[in-house]
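*Asks:* below: sequence and its predicted model.
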Amino acid sequence: MNAVEIEAAISDLAFQPFDAAEFPFAFLAAFGNKDTALKRLRTGNNNVSDVPGGVLQRNNIHIAACAAGSVGQTLKALHASPATTKAKAKFILATDGLTLEAEELTGGETIACAYPDFPNHFGFFLPLAGISTIKEIKDNPVDVRATGRLNKLYVELLRDNPEWAKDERRADVNHFMARLVFCFFAEDTDIFNDKGLFTQTVEQMSERDGANTHEVLETIFRAMNIKTNPDERTTAQPRLPNWASGFPYVNGGLFSGSTEVPRFTRMARTYLLHAGNLNWNQINPDIFGSMIQAVADDEERGALGMHYTSVPNILKVLNPLFLDELRAQLTEAGDNERKLLNLRKRMARIRVFDPACGSGNFLVIAYKQMREIEAEINRRLGKAQLGSEIPLTNFRGIELRDFPAEIARLALIIAEFQCDVLYRGQKDALAEFLPLDAQNWIICGNALRLDWLSICPPTGTGMKMVADDLFGTPLDQTEIDFQNEGGETYICGNPPYLGSTWQSAEQKDDLKAIFDCRCKTWKSLDYVAGWFMKAADYGTKTQVAAAFVSTNSICQGQQVPILWPLIFSAGSHIVFAHTSFKWANLASHNAGVTVVIVGLSSQTKPVRRLYSVSNSGKSVAVDVKEVEHINAYLVPSVDVMVEKLPRPLGEQAEMTKGNQPTDGGHLLLSHDEVQALVLTADQSSKFIRKISGSAEFIRGLERFCIWVGDEDAVEISSLACIAGRLQAVKKMRLDSTKAATVALANVPHRFGEIRQSGNETVMIVPSVSSESRDYLPVGYMEPGAIVSNLAFALYDAPLWNMALIASRLHLVWIGTVCGKMKTDFRYSNTLGWNTFPVPLLTEQNKADLTACAENILLAREAHFPATIADLYDPDNMPDNLRRAHERNDEVLERIYIGRRFKNDTERLEKLFELYTKMTAAAKAKPALKTTRGKKA
């Protein structure tokens, strides 16, 4: 469940008559608990509550419905309950149907409210559904509630107005929804003269069955497009009824053009009134727009309410991009009038441009933060009531879809009004709000096809007028309709990521238009790469700084040598970056995508900043490091592209891919298939071997293969139970279109590619591993076992090699230079193992690392038959195994720098430094040999 669904379920629960016996189960159901889980609680099997009337769900919540007037005492009893502690409950809740009290036990935060009001606190309980508590949602739930109400209305309108659901009318219904949002906000903020004017008028003038609701709305919308001077209002045709005359002239194109409204049913009218009865004065444009953008998108409606980008995450982009510098200048200015005025003038000319703006949350946050700085300047100047010089038209965006583009304009208008109320007062804000300005600054179109310089041109360039109003057509304009007097330009945003596999043909064409003339390997790039390249191209025409949120894959693996040389050659540099962190949404139990933030500039900066999450990855603490340079892997090191090597840089053992059957599956067997062969014990030990790839090793799966040397080919061919399989292998190979495979048809008993004899000790390294694990899985196979081509292997390798592979150092190297498959680590022997820089090891170093590897193996053995998947589940990793790994990390990291590394950024910095030295030394060796040869 997502936050919108949870809010709706909680609201429905509060509306129903209170049932003390049923409440705990209904409450848990509202947060996504399945019927089976609730059934177990009802029967008492899983309910270990020791409080009368209590229901206790382990690791979650202890609830008790109690007698009237005893809520406080019951909450104390829940708090003191031994069962609460033993079951590790996160929340306690008590209610008598009149009042409700609850406490979050970890932080001690509490709520107390009338029972019907507890849905207003649904954000407090979101962790019960696996959703991280987000301050903006918890403190102000109206955004989620409004999203849910608007979605119900939208769906109901399209159901009964199917012609509006067609592509040619979709823009009309979206424009209608934008008009409603404005009316709801305006009636609760005194923009309309009377509180509740819009909703009350609709309720009073429309029939209960909804039959004439569309006519009432059309009249109201028409009124707001007629100037309020008496002549125009009295002469308007058709005549404006008296009940509509109280609505002001809005302008800005919001109510110009067609005022046609879809037909309403009784239910649609009810949904409209429910939405209007919310307190829209509390709407937060920081998040509201991004939450409702899924309302008008059929494909995204399943993610309703999840399109949420937290303000702290947005500020990770905006602060280092330019806001930190503005605040530093404010601090330096102190009370110096000249410096304060200069800063105010500077901010009035800053343009913020989001070429993937969605519903405008980056632009809204940037605007509000700048208004806060400007308000402090005004306060220091003794002119707190001074009007703002920061124009909305300096906050420009491109958005592919029309509804989010309209909401972005509306969100900025709402943000401007709220800032005026906050910093200048309600009276001044209202005096200057209407009519709206008709200038258009959010473009609807394909950002990778539009010319950014025409939308946000170099300083001082004049612009052509191509639009008549703020909300009207054409929305796909490529030029802005006002004089550009911009100073600095900052490009920012969170563009769509989309790996190459998931791109549509049209999106492939978008990237082709940008990259096809630059390189041949662009098809491997993520879609977001287009925005980085366009920003770098923009920087060749005018000074600019840009920062985008992106999946970390553009700074890992094969994409690095494709994308970043192009960006660097265009003159852009990485001036700040946030290394990998989780960018979560409001989906239940959603871990979020792993992202980076990369800041580019066409200006050379002496100090660059690298931000990284603290070592545990679970803390909100962020380390900031000032460095001289940041390379494409987001490491404070020189620019270097890690390339495949045929053999290891250091003295570690060689690693190869496992053995490839090329058999059509006929040489591979399950346990039951082995039994069905009915071989003798001698035959089984001679011809059948265990085989493991990544899945078998990690999940403990049993798989077998036919493994035969040439000397036994005749014997095995004579076994009827196996001969059929060999014939099938032969046919498969003969049918192949590859000459090399056809040649193998003469030896059907043999694997297509053989890299082991079957008698050596084998260390296995899976080719793919979940990114959730803190360490890469590596281990030893039982004697005689075969490694398949779906894993890598080291044969007869010293045990200290395992200590290297099992280290945190190696994990961060693999994650950086090899990249990911979806979200899993993708291992490579030539790119990851052979390039892994290992300093010269003494015999004592090797002995110490060998002991560490032995301790890891012994720790695993103590938990037999637990699988690697079981043992390396990050939430359930055994303490002794974690300690063994931590000891291994300490021993290895002391070899590198004499102490533990502080974080992964520091690890990578050292690894790249060592890699650069070792590759330079390796390249120099042939030259030295040649020189010595000449001397001889």
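*Replies:* Perfect, thanks for sending it.

*Asks:* could you list the low-pLDDT ranges of the stretch 301-450 of the chain?
*Replies:* Flagging of the stretch 301-450 of the chain using pLDDT under 70 yields the residue ranges 301-309, 438, 440.

*Asks:* go with 90
*Replies:* Along the stretch 301-450 of the chain, the model assigns pLDDT under 90 to residues 301-313, 358-359, 361, 384-385, 393, 400-411, 431-432, 434-444.

*Asks:* strands of that one, start to end?
*Replies:* 351-354, 395-399, 442-444 (DSSP state E, counting those that start in this stretch).

*Asks:* tabulate those strands (CSV), appending mean neighbour count and distance to Pro646.
*Replies:* Yep, even glycine has a C-beta here, placed from its N, CA and C like the rest. Shown next, in CSV, are those (neighbours: other Cβ atoms under 10 Å; distance: least, Cβ to Cβ, whole Å):
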stretch, mean neighbour count, distance to Pro646
strand 351-354, 26, 45
strand 395-399, 26, 46
strand 442-444, 26, 50
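
*Asks:* ok, longest strand in this structure?
*Replies:* Ordering each strand of the chain by length in residues (DSSP state E) puts strand 573-583 first.

*Asks:* and that strand, which residues are buried?
*Replies:* By neighbour count on 16 or more other Cβ atoms under 10 Å, the buried set for strand 573-583 is 573-581, 583.

*Asks:* what do you get for stretch 120-134?
*Replies:* So stretch 120-134, judged by 16+ other Cβ under 10 Å, has buried residues 120-129, 131, 134.

*Asks:* returning to what we had before: wait, which of the buried residues of strand 573-583 is closest to Ser736?
*Replies:* Ser580 (41.7 Å; Cβ to Cβ).

*Asks:* identify the residue spatially nearest to that closest one, adjacent ones excluded.
*Replies:* Closest residue to Ser580 apart from its sequence neighbours, by Cβ to Cβ, 6 or more residues apart in numbering: Asn552 at 4.7 Å.

*Asks:* before we move on, what about Leu98?
*Replies:* Nearest to Leu98 is Tyr115, by Cβ to Cβ, 6+ apart, at 5.6 Å.

*Asks:* how about the strands of the stretch 101-250 of the chain, start to end?
*Replies:* Using DSSP E, counting those that start in this stretch, strands in the stretch 101-250 of the chain cover 110-114.

*Asks:* so where's it uncertain?
*Replies:* 106-109, 119-152, 154-155, 165-175, 177-178, 193-195, 226-240, 242, 245.

*Asks:* now the helices for it?
*Replies:* Along the stretch 101-250 of the chain, the segments classed as helices by DSSP state H, counting those that start in this stretch run 135-139, 142-160, 167-187, 197-205, 213-223, 230-235.

*Asks:* what angle separates the third one from helix 197-205?
*Replies:* Calculated by axes from the mean of the first three to the mean of the last three Cα atoms, to 10 degrees, helix 167-187 forms an angle of 110 degrees with helix 197-205.

*Asks:* what are the buried residues along helix 167-187?
*Replies:* 169-187.

*Asks:* the stretch 601-750 of the chain: strands as residue ranges?
*Replies:* According to DSSP E, counting those that start in this stretch, the strands that the stretch 601-750 of the chain contains are 608-613, 622-627, 656-657, 668-669, 688-692, 704-706.

*Asks:* can you redo those as TSV with distance to Pro17 and mean neighbour count?
*Replies:* TSV is the format used below for the strands of the stretch 601-750 of the chain (distance: least, Cβ to Cβ, whole Å; neighbours: other Cβ atoms under 10 Å):
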stretch	distance to Pro17	mean neighbour count
strand 608-613	48	20
strand 622-627	49	14
strand 656-657	67	17
strand 668-669	62	18
strand 688-692	60	21
strand 704-706	63	22
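
*Asks:* mind checking those strands for the one nearest to Gly276?
*Replies:* When those are compared by Cβ to Cβ, strand 622-627 sits nearest Gly276, at 41.7 Å.

*Asks:* identify whichever of the strands of the stretch 301-450 of the chain lies nearest to Leu744.
*Replies:* Leu744 lies closest, by Cβ to Cβ, to one member of the strands of the stretch 301-450 of the chain: strand 395-399, at 54.8 Å.

*Asks:* what lies in contact with that closest one?
*Replies:* Here strand 395-399 makes contact (Cβ atoms under 8 Å, 6 or more residues apart in numbering) with 351-360, 363, 366-367, 405, 408, 412, 441-445, 447, 450, 452, 455-456, 480.

*Asks:* rewinding a little: next one: the longest strand of the chain to chain centre, how far?
*Replies:* Relative to its parent chain, strand 573-583 has a centroid offset of 13 Å by Cα atoms, centre = their mean, to the nearest Å.

*Asks:* ok, the residue nearest to Leu98 touching Ala102?
*Replies:* No. Using Cβ atoms under 8 Å, Tyr115 is not in contact with Ala102; the gap is 11.8 Å.

*Asks:* neighbour count winner among those two?
*Replies:* Neighbour tally, Tyr115 and Ala102, criterion other Cβ atoms under 10 Å: the higher count belongs to Ala102, 22 against 15.

*Asks:* pull up the gap between the residue lying closest to the more buried one once chain neighbours are set aside and Thr147, please.
*Replies:* Once flanking residues are discounted, Ala102 sits nearest to Leu93: 4.2 Å by Cβ to Cβ, 6+ apart. Counting by Cβ to Cβ, to the nearest Å, the gap from Leu93 to Thr147 is 25 Å.

*Asks:* then Asp324?
*Replies:* Asp324 is 32 Å from Thr147, by Cβ to Cβ.

*Asks:* Ala922 now?
*Replies:* According to Cβ to Cβ, Ala922 stands 58 Å off from Thr147.
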